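> sharing a model prediction with you, sequence too.
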Amino acid sequence: MERSEVNEILAEGAAFIASHGFKLPPFAFWGPERMRQEDAADLRSRGLGWDITDYGAGRFDDLGLFLFTLRNGKVADLALGRGMLYAEKIMISRERQISPMHRHNLKAEDIINRGGGDLVLKLYASNPDGYIDKQSLVQVPSDGLMHTLPAGGHLRLKPGESVTLMPGVWHAFWAEKGDCLIGEVSTVNDDKSDNIFEAPIGRFPAIENDVEPTHLLVCDY
């Protein structure tokens, strides 16, 4: 991705988030020099801030996701069983833009439709080796009710609805009937090692700096 494209996506995404009345923290509006300062080291180490990915494919409109991480604990705290064991993100899935099939080893997450279009998830269970089970039913809780779907079944979330995805549940998602604002509340988020993709793709984009960044992305840290 070119940095000029990233800057444009950032501006459009921030406006979309604001249009739904969701308020971002002050550090969301820091420029690159402010984010590089010593007192921002904890923000950087926790991976807080802007995150745009095309999964290394160079087709953001078709395969991509817009994210902002608001809070995040540390993986080491999970082993201790105490401390900040949670994370929160706000995300945007554009209409028909795919976030590709993947699962997590550690992270359990609530995916919440915060507004806009419908959010559609394609779901599979894992087999004992951790690969996609294309035969078995998959069960997920959604707003207090358990849903049982066939392998590869689609779960549609309207604004205000949510689903809980436990570690090992394979999922891909996209928006229909308009762009979708998505909330994610989860256990500690580790995007460097806890995203297991079905296809051999990358989690972060390769960026060509044709212009200066408006804001740093987490992959710039």
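Done, it's in.
> who does the helix of greatest length in the chain touch, helix- and strand-wise?
Longest helix of the chain, by residue count under DSSP state H: helix 3-19. When contacts are defined as 3 or more Cβ pairs under 8 Å, 6 or more residues apart in numbering; DSSP states H and E, helix 3-19 packs onto strand 49-53, strand 65-72, strand 86-93, strand 170-187. The way it works is simple: take the backbone N, C-alpha and C, and place the C-beta from them, glycine included.
> neighbouring contacts of it?
Contacting residues not belonging to helix 3-19 are listed as 24, 28, 50, 52, 60, 66, 68, 90, 92, 116, 179, 181, 205, 207-215, 217 [Cβ atoms under 8 Å, 6 or more residues apart in numbering].
> redo the helices and strands packed on helix 3-19 as TSV? Include distance to Asp129, mean pLDDT and mean neighbour count.
Below are the helices and strands packed on helix 3-19 laid out as TSV (distance: least, Cβ to Cβ, whole Å; pLDDT from 0 to 100; neighbours: other Cβ atoms under 10 Å):
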stretch	distance to Asp129	mean pLDDT	mean neighbour count
strand 49-53	27	97	23
strand 65-72	27	98	21
strand 86-93	27	98	21
strand 170-187	13	98	20
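> and those: which comes nearest Glu109?
In terms of Cβ to Cβ, the element of the helices and strands packed on helix 3-19 nearest to Glu109 is strand 170-187, at 3.7 Å.
> name the next helix or strand downstream of the closest one, please.
Counting by DSSP states H and E, the element after strand 170-187 in chain order, helix or strand, is strand 196-197.
> sheet-wise, list the partners of that following strand with their directions.
strand 99-103 (antiparallel) (DSSP bridges).
> between strand 65-72 and the strand it pairs with, find me the angle.
50 degrees (axes from the mean of the first three to the mean of the last three Cα atoms, to 10 degrees).
> could you check how far the worst-scoring helix or strand of the chain on mean pLDDT is from the centre of its chain?
In the chain, no helix or strand scores lower on mean pLDDT, DSSP states H and E than helix 75-80, which sits at a mean of 90. With Cα atoms, centre = their mean, to the nearest Å as the basis, helix 75-80 stands 21 Å off its chain's centre.
> buried sites along it?
Going by neighbour count (16 or more other Cβ atoms under 10 Å), the buried part of helix 75-80 is Val75, Leu78.
> export only the CA atoms of that helix, formatted as PDB.
The C-alpha trace of helix 75-80 is given here as PDB (Å, rounded to 0.1, in the frame of the first residue of the first chain):
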ATOM      1  CA  VAL A  75       0.500 -11.700  26.900                       C
ATOM      2  CA  ALA A  76       2.600 -12.400  30.000                       C
ATOM      3  CA  ASP A  77      -0.300 -11.500  32.200                       C
ATOM      4  CA  LEU A  78      -2.300 -14.300  30.800                       C
ATOM      5  CA  ALA A  79       0.100 -16.900  32.300                       C
ATOM      6  CA  LEU A  80      -0.100 -15.100  35.600                       C
END
